[in-house]
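K.L.:
Can you look at this prediction? I've put the sequence above it.
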Amino acid sequence: MTQLSLKIVQCPKCGVENRTVYYASINTFMDLDGSLVAKLLDGTLNTFECKNCGVNIRLSFDVLISCSDGMFSLNPADNVEYKKKQLKSHGLLSEKGKIFSGLESQYLHAKSKLEKRKQPSPSPQPPPAPKVTPNTKIYYELSEKLERLLFKNKKNNEDKTSKTNAEKPKPPPPPPS
Ligand SMILES: [Zn+2]
């Protein structure tokens with residue numbers, strides 16, 4: 001989870017103690033617009049201004065990052081290229097340097113998982129398809145269905161006819177020729 005911690009930091013310039021909150025961990029699922037990762041990357045995460053002299057103070061603590069790929073830690077003060085490499089390897093940064101939002105990275109992670117699964121295991125050769133059987137099978141199935149259908153219809157018709165016959169008065173016998 002994204003966790004903020006309280007820290008008292010002494011200003012390196014004027015020595016005044018500053019109480020500040022900093023990100024101890026980031027959950028990229030919650031970082032929907034990717035802004036925390038962006039700050040981590042450009043080094044502005046966990047920085048603050050001294051309340052006394054206004055100097056910019058950067059806390060160089062490792063930030064625990066949890067993403068769909070697992071957990072790793074990065075320090076905002078790390079080398080930019082190193083941070084990029086780490087973020088890329090965990091699917092949080094595109095090759096072109098675009099930061100994926102929490103949702104995007106989740107989506108891409110799921111997608112890449114699916115694609116990995118989809119990759120067919122290399123089978124040497126497909127089994128030879130019998131030439132007659134499938135068609136024969138289909139033919140039999142069809143004819144069976146047809147037969148059933150025809151039989152059913154016939155039966156229904158017969159039922160109907162017998163019923164109508166029973167209701168209707170019998171037609172007069174044909175005149176003797
Ligand atoms: Zn200061």
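P.N.:
Here it is on my side, so go on. Small disclaimer: the values here were computed from a predicted structure and weren't measured. Numbers count the residues shown, from 1 in each chain.

K.L.:
Is the longest strand along the chain positioned near the ion?
P.N.:
Counting residues, the longest strand in the chain under DSSP state E turns out to be strand 17-27. No: using CB under 5 Å from the ion, strand 17-27 stays clear of the ion, coming no nearer than 7.5 Å. No exception for glycine: its C-beta is placed from N, CA and C like everyone else's.

K.L.:
Run through who's touching that strand.
P.N.:
Residues from elsewhere that reach strand 17-27 (CB atoms under 8 Å, 6 or more residues apart in numbering): 1-11, 36-37, 40, 45-46, 48, 50-52, 57, 59, 61, 63-67, 102.

K.L.:
which neighbours does that strand have in its sheet, and in what orientation?
P.N.:
Strand pairing for strand 17-27, determined by DSSP bridges: strand 3-10 (antiparallel), strand 63-67 (parallel).

K.L.:
Not counting its own residues, what contacts stretch 101-116?
P.N.:
27-34, 67-69, 91-92, 100.

K.L.:
about what we covered before: quick one: buried residues of the helix or strand that the longest strand of the chain is followed by?
P.N.:
Next helix or strand after strand 17-27 toward the C-terminus (DSSP states H and E): helix 35-42. Buried residues in helix 35-42, defined by neighbour count with 16 or more other CB atoms under 10 Å: L36, V37, K39, L40, L41.

K.L.:
so who does the closest residue to the second one other than its chain neighbours touch?
P.N.:
Of all residues beyond its chain neighbours, the one nearest V37 is I99 (5.2 Å), with distances taken as CB to CB, 6 or more residues apart in numbering. Taking CB under 8 Å, 6+ apart, we find I99 in contact with G34, V37, A38, L41, L87, L92, L93.

K.L.:
and what of I65?
P.N.:
S25, I26, T28, V37, L40, M71, F72, S73, L74, H90, L92.

K.L.:
hmm, try it at 10 Å
P.N.:
2, 23, 25-28, 31, 36-37, 40, 71-74, 86-87, 90, 92 (CB atoms under 10 Å, 6 or more residues apart in numbering).

K.L.:
Please list only the buried members of those residues.
P.N.:
2, 23, 25-28, 31, 36-37, 40, 72, 74, 86-87, 90, 92.
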